[in-house]
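Colleague: predicted model and sequence below, questions to follow.
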Amino acid sequence: MDVRPLAPDHVAPLQDFFRRVPESDHNSFAEDVLEAGLVEGWLQEDRPRRAVAVDDDGTVIGYVALLPQVGWSSHVGSLRVVVDPAARGRGVGRELARYGLLASFEMGLTKTVVEVVADAVPAIGMFQGLGYEPEALLRDHVCDKAGKKHDLVVLAHSVEGTWSGMASAGLEDELAG
Ligand SMILES: CC(C)(COP(=O)(O)OP(=O)(O)OC[C@H]1O[C@@H](n2cnc3c(N)ncnc32)[C@H](O)[C@@H]1OP(=O)(O)O)[C@@H](O)C(=O)NCCC(=O)NCCS
């Protein structure tokens, strides 16, 4: 498995990936990823960083986006990570999240945030392992298809904690090199 910046070759396999991901996980994209022409348009973008996790046979099994905010939060990046349910638990999500964090450092952003449903304890642990800390709890903030409300956790990674965060994520060597 490799994590690669989004390139023209990835368009069709990424669209297949978006169609495979269950609807319940589509909220994590925070964009209507099935909209016609959307993925092709991403190839022309300057700032957002998008990457895919690709298996040996070229199948896209995961996706990460680091979306810089605008206006008074232009120092903040918003991270989205989704892995194909069939490929979870193999370290793909962690690699994609690391890629997104490195991208935020390279772009000079000083804070990166990610929103995770509070019930998703393993996902929260994954981000904490990369130096993210829970910063806010939004009660009953998201509603699933059955109408059940869930709390949302906002985790943040700040440059103030960067060196300890990078040490825990094993990122210092990558940045130095
Ligand atoms: C969160 C998500 C990206 C994790 O992807 P993944 O490829 O399964 O994660 P990894 O295999 O890299 O696992 C990372 C860590 O979390 C743990 N973990 C991940 N999913 C787990 C699960 N369902 N049960 C137990 N542990 C789990 C792993 O054990 C690993 O910890 P470790 O290295 O200490 O063993 C994936 O579950 C997903 O796409 N979820 C839906 C979208 C979402 O919630 N995205 C996050 C907010 S945008």
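Modeller: Cool, got the structure. Fair warning: this is a prediction, and the values are worked out from it, not measured in the lab.

Colleague: what residues sit buried inside the longest helix along the chain?
Modeller: The helix spanning the most residues in the chain, taking DSSP state H as the definition, is helix 92-106. For helix 92-106, the buried set under the neighbour-count rule, 16 or more other CB atoms under 10 Å, comprises 92-105. Bear in mind the C-beta positions are built from the backbone N, C-alpha and C, glycine included.

Colleague: among these, which ones lie close to the ligand?
Modeller: Counting by CB under 6 Å from any ligand atom, the subset of these that neighbours the ligand consists of 92-94.

Colleague: strands of this protein, residue ranges please.
Modeller: Listed from the start of the chain, the chain has strands (DSSP state E) covering 2-5, 49-54, 60-68, 76-83, 111-117, 133-143, 149-158.

Colleague: and residue 28, how far from the ligand?
Modeller: In this structure, residue 28 and the ligand are 4 Å apart, going by CB to the nearest ligand atom, to the nearest Å.

Colleague: do the same with residue 2
Modeller: With the distance defined as CB to the nearest ligand atom, residue 2 ends up 14 Å from the ligand.

Colleague: and if you look at residue 40?
Modeller: Separation of residue 40 from the ligand (CB to the nearest ligand atom): 23 Å.

Colleague: quick one: that residue from residue 15, how far?
Modeller: 9 Å (CB to CB, to the nearest Å).

Colleague: where in this protein is pLDDT low?
Modeller: The chain contains residues with pLDDT under 70 at 160-177.

Colleague: residues of the chain that sit close to the ligand?
Modeller: Counting by CB under 6 Å from any ligand atom, the positions of the chain adjacent to the ligand are 25, 28, 80-83, 88-94, 114, 116, 120, 122-123, 125-126.
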